[in-house]
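Predicted model and sequence below, questions to follow.
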Amino acid sequence: MNKSFKNKKVLTPLPVNIYNGNRLLRSLYKFYYSIFKSQPQITGTFLEFGRFVWIHDQSSITKLHQSGSFGKGDLSRSDPTWLERNIQQNKASLEEITVERRRKRRGKDQVDNQNLMKPDQVLTSTNYSNVESFQLDLCEAFFLVYALNSLIIKSTNQKSLLSIDDCWSLFCKADNSFHVNYVVYHFYRSLGWVPKNGSKFGVDFVLYQSGPAFKHAEFAVAVLPLCQDKIEERKSWLWLLRLNRICSQVKKTLILCYVNVPHDIDRLNDYSIRQVIYKRWSPQKNRE
């Protein structure tokens with residue numbers, strides 16, 4: 001499997017060593033890497049049913065989140081702060097504000113409040129243990145394995161370690177659009193942006209300049225694959241207008257990211273990317 005990001009016209013290369021060439025050079029590279037490069041210290045488990053990689057070591061969680069805003073807690077919006085929030089009984093947390101707003105919108109305040117457990121009751125029922133898990137999505141996990149060599153991934157049954165090729169094959173099998181999304185993810189990561197899942201806003205990614213903890217995402221990215229061997233379903237103008245309206249309401253600039261997909265989806269150096277920024281024009285606001 002030939003994977004490389006050497007096409008400088010398409011993808012800005014990262015400062016990492018990526019081998020490519022014949023078997024002899026590949027073997028020499030692996031030998032050099034095994035001796036002179038330190039092995040990754042972070043280990044995760046691939047959970048196929050949920051399409052994510054589970055990180056279960058607390059020190060690794062802190063390192064991943066602070067070193068690039070990788071991953072999220074499954075009971076939090078970003079940072080895995082579930083236990084800390086319940087101990088401090090922080091009623092003004094972002095998660096509780098969101099839940100309270102949804103309750104009021106549905107008009108179910110009284111019924112919900114009766115069924116909800118208080119923070120001290122939750123802690124007692126869990127014996128003050130942290131029940132929150134930390135997850136990496138497939139793009140984040142493969143980037144850490146392939147591009148940065150900072151993560152080791154075990155199989156679902158934890159009986160074997162997955163190689164780069166294993167991860168690529170399993171991730172593509174778990175998600176048909178993984179290969180396209182990863183090319184886009186790597187592209188924006190290499191430019192210094194922090195891409196995060198954007199399904200909440202109807203897009204594929206949202207881009208943070210520094211990370212979710214510092215500032216809201218400035219851009220929303222819709223990935224549009226252009227495959228050479230099949231005709232993709234075209235998006236309608238109505239879809240585009242709706243999507244742009246949503247992005248405008250949440251103060252994000254919409255980027256249409258067109259990805260030319262080669263016949264062999266394993267050859268990452270054959271992909272190409274074209275970006276189009278789409279903005280809503282208003283005659284009242286855009287006068288010269």
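Nice, I can see it.

for the chain, what spans make up the strands?
Per DSSP state E, the chain carries strands over the ranges 42-47, 52-55, 72-73, 134-137, 151-154, 194-197, 205-208, 219-227, 253-261, 272-278.

Need those strands in TSV (columns: mean neighbour count).
The way it works is simple: take the backbone N, C-alpha and C, and place the C-beta from them, glycine included. Listed next are the strands of the chain as TSV, based on neighbours: other C-beta atoms under 10 Å:
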stretch	mean neighbour count
strand 42-47	19
strand 52-55	24
strand 72-73	20
strand 134-137	23
strand 151-154	20
strand 194-197	20
strand 205-208	23
strand 219-227	20
strand 253-261	19
strand 272-278	13
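
so can I have TSV of the ones you listed showing distance to residue 241?
Shown next, in TSV, are these (distance: least, C-beta to C-beta, whole Å):
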stretch	distance to residue 241
strand 42-47	37
strand 52-55	33
strand 72-73	31
strand 134-137	28
strand 151-154	40
strand 194-197	23
strand 205-208	20
strand 219-227	13
strand 253-261	11
strand 272-278	10
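
Can you say which of these is nearest to residue 188?
Closest to residue 188 of the strands of the chain is strand 194-197 (C-beta to C-beta; 4.8 Å).

tell me the contacts of the closest residue in space to residue 255 that isn't next to it in sequence?
Using C-beta to C-beta, 6 or more residues apart in numbering and skipping residues adjacent in sequence, the residue nearest residue 255 is residue 221, 4.8 Å away. Residue 221 sits next to 184, 188, 195, 198, 203-207, 255, 257 when contact means C-beta atoms under 8 Å, 6 or more residues apart in numbering.

before we move on, back to that, which one of the strands of the chain has the poorest average confidence?
Mean pLDDT values for these show the minimum at strand 72-73, a mean of 79.

Show me what it is packed against.
Strand 72-73 sits against strand 134-137, with contacts defined as 3 or more C-beta pairs under 8 Å, 6 or more residues apart in numbering; DSSP states H and E.

what do you get if the cut-off is 10 Å, keeping everything else the same?
Other elements packing on strand 72-73 under the criterion 3 or more C-beta pairs under 10 Å, 6 or more residues apart in numbering; DSSP states H and E are helix 58-66, strand 134-137.

what's the closest of these to residue 234?
Taking these one by one with C-beta to C-beta, strand 134-137 is closest: 27.2 Å.

quick one: strands adjacent to that closest one?
strand 52-55 (antiparallel), strand 72-73 (antiparallel) (DSSP bridges).

Dump that strand to CSV, restricted to CA.
Extracted C-alpha coordinates of strand 134-137, given in CSV (Å, rounded to 0.1, in the frame of the first residue of the first chain):
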residue,chain,number,x,y,z
PHE,A,134,-12.2,9.4,26.1
GLN,A,135,-12.6,8.9,22.4
LEU,A,136,-10.7,9.7,19.2
ASP,A,137,-12.5,9.8,16.0
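
Return the backbone torsion pair for residue 218.
phi -90, psi -30 (degrees, to the nearest 10).

For it, which residues are in contact?
193, 206-209, 251-253 (C-beta atoms under 10 Å, 6 or more residues apart in numbering).

Which two of these have the greatest separation?
Among these, 193 and 251 lie farthest apart (C-beta to C-beta), at 17.0 Å.

Compare neighbour counts for the two and give me the winner.
A count of neighbours by other C-beta atoms under 10 Å puts residue 193 above the other of residue 193 and residue 251, at 20 against 9.

In contact with the nearest residue to the more buried one once chain neighbours are set aside: list those residues for me.
Of all residues beyond its chain neighbours, the one nearest residue 193 is residue 207 (4.5 Å), with distances taken as C-beta to C-beta, 6+ apart. Residues near residue 207 by C-beta under 10 Å, 6+ apart: 188-189, 191-196, 198, 217-221, 252-253, 255.

if we can go back for a sec, for the contacts of residue 221, which one is nearest residue 263?
residue 184 (19.1 Å).

Could you double-check that residue 205 lies in contact with residue 183?
No - contact criterion C-beta atoms under 10 Å: residue 205 and residue 183 do not qualify, at 11.8 Å.

Compute the number of surrounding residues for residue 269.
Applying other C-beta under 10 Å, we find 16 other residues in the vicinity of residue 269.

quick one: it and residue 186, what's the gap?
Distance from residue 269 to residue 186, counting by C-beta to C-beta, to the nearest Å: 11 Å.

Ok, residue 277 next?
For residue 277, the distance to residue 186 - C-beta to C-beta - is 20 Å.
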